[in-house]
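Asker: Build me a model from this:
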Amino acid sequence: MQTLTRALLLLPALALTACATAPTIAPATSTAPLARLDPAQLSAPATTTAAASSMTDVSAFVDPSALGLLSSKSRAEASSAQFNALQFGRVGAPRNWVGDNGQSGAVTVGPYVRVNLIDCRDFTHTVTIAGQNYSRKGTSCREPDGRWVVSATTG
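Answerer: Residues are numbered from 1 along each chain as shown. Purely as a prediction, here's the structure:
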């Protein structure tokens, strides 16, 4: 019992000794100045998003047979819905749009998948013109400049 008591008394001392002799990480010795970001030089997130939205071309996301039938207002609405669904949309929740002349549509997206540091998402874009449904499914990836580009389509 006495040996056990001595061992228990020595255990904390040994632990402290081990901690004191553990290797330490030396501080960085680089003399190069750290890069500093000036917030005034950064683009506002809203500006970046607006630019990327305007560069995302809807023609690759919509069934080609429906594309020629869309008015310019409907194309703009479809493009906005497509970008916002890909950028901000919840998985499976449709992002609806309404153009003119009874034209409408919905964009549904899947989860983000990261491939080689690039975000990609599956999408389904359905367009309704005069009661006729046109649908296109595919995968789109976000480019470094923020715009979404179709990498594969079906239908």
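Asker: Looking at Arg6 now. What's its pLDDT?
Answerer: Predicted confidence (pLDDT) for Arg6: 56.
Asker: Likewise for the one 4 residues further on?
Answerer: Looking at Leu10, its pLDDT is 54.
Asker: ditto for Arg36
Answerer: 62.
Asker: what's the answer for Gly146, then?
Answerer: Gly146 is given a pLDDT of 88.
Asker: Could you give the number of residues near Val91?
Answerer: 11 (other C-beta atoms under 10 Å). Quick note: C-beta positions are derived from backbone N, CA and C, even for glycine.
Asker: where does it land in three-state SS?
Answerer: On the three-state scheme (DSSP: H, G, I helix; E, B strand; the rest coil), Val91 is labelled coil.
Asker: how much space is there between it and Arg114?
Answerer: 15 Å (C-beta to C-beta, to the nearest Å).
Asker: With Ser135 instead?
Answerer: For Ser135, the distance to Arg114 - C-beta to C-beta - is 26 Å.
Asker: Cys120 now?
Answerer: Distance from Cys120 to Arg114, by C-beta to C-beta: 8 Å.
Asker: Also Gln82?
Answerer: Relative to Arg114, and taking C-beta to C-beta, Gln82 is found at 20 Å.
Asker: Over to Thr108?
Answerer: 20 Å.
Asker: for Ile129, same thing?
Answerer: From Ile129 to Arg114 the distance is 35 Å (C-beta to C-beta).
Asker: circling back to that earlier point, who has more neighbours, Cys120 and Arg114?
Answerer: Comparing Cys120 with Arg114 by other C-beta under 10 Å, the one with more neighbours is Cys120, at 21 against 9.
Asker: Now do the helices in this structure.
Answerer: Using DSSP state H, the helices of the chain run over residues 2-20, 45-55, 64-67, 72-88.
Asker: Output stretch 73-88 as PDB, nothing but the C-alphas.
Answerer: Extracted in PDB, the C-alpha atoms of stretch 73-88 (Å, rounded to 0.1, in the frame of the first residue of the first chain):
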ATOM      1  CA  LYS A  73     -38.800  39.500 -70.100                       C
ATOM      2  CA  SER A  74     -39.300  35.700 -69.700                       C
ATOM      3  CA  ARG A  75     -35.600  35.100 -70.500                       C
ATOM      4  CA  ALA A  76     -34.600  37.700 -67.900                       C
ATOM      5  CA  GLU A  77     -36.900  36.100 -65.300                       C
ATOM      6  CA  ALA A  78     -35.700  32.600 -66.100                       C
ATOM      7  CA  SER A  79     -32.000  33.700 -65.900                       C
ATOM      8  CA  SER A  80     -32.600  35.400 -62.500                       C
ATOM      9  CA  ALA A  81     -34.400  32.400 -61.100                       C
ATOM     10  CA  GLN A  82     -31.700  30.100 -62.400                       C
ATOM     11  CA  PHE A  83     -28.900  32.100 -60.800                       C
ATOM     12  CA  ASN A  84     -30.600  32.600 -57.500                       C
ATOM     13  CA  ALA A  85     -31.600  28.900 -57.300                       C
ATOM     14  CA  LEU A  86     -28.000  27.800 -57.900                       C
ATOM     15  CA  GLN A  87     -26.500  30.400 -55.700                       C
ATOM     16  CA  PHE A  88     -28.900  30.500 -52.700                       C
END
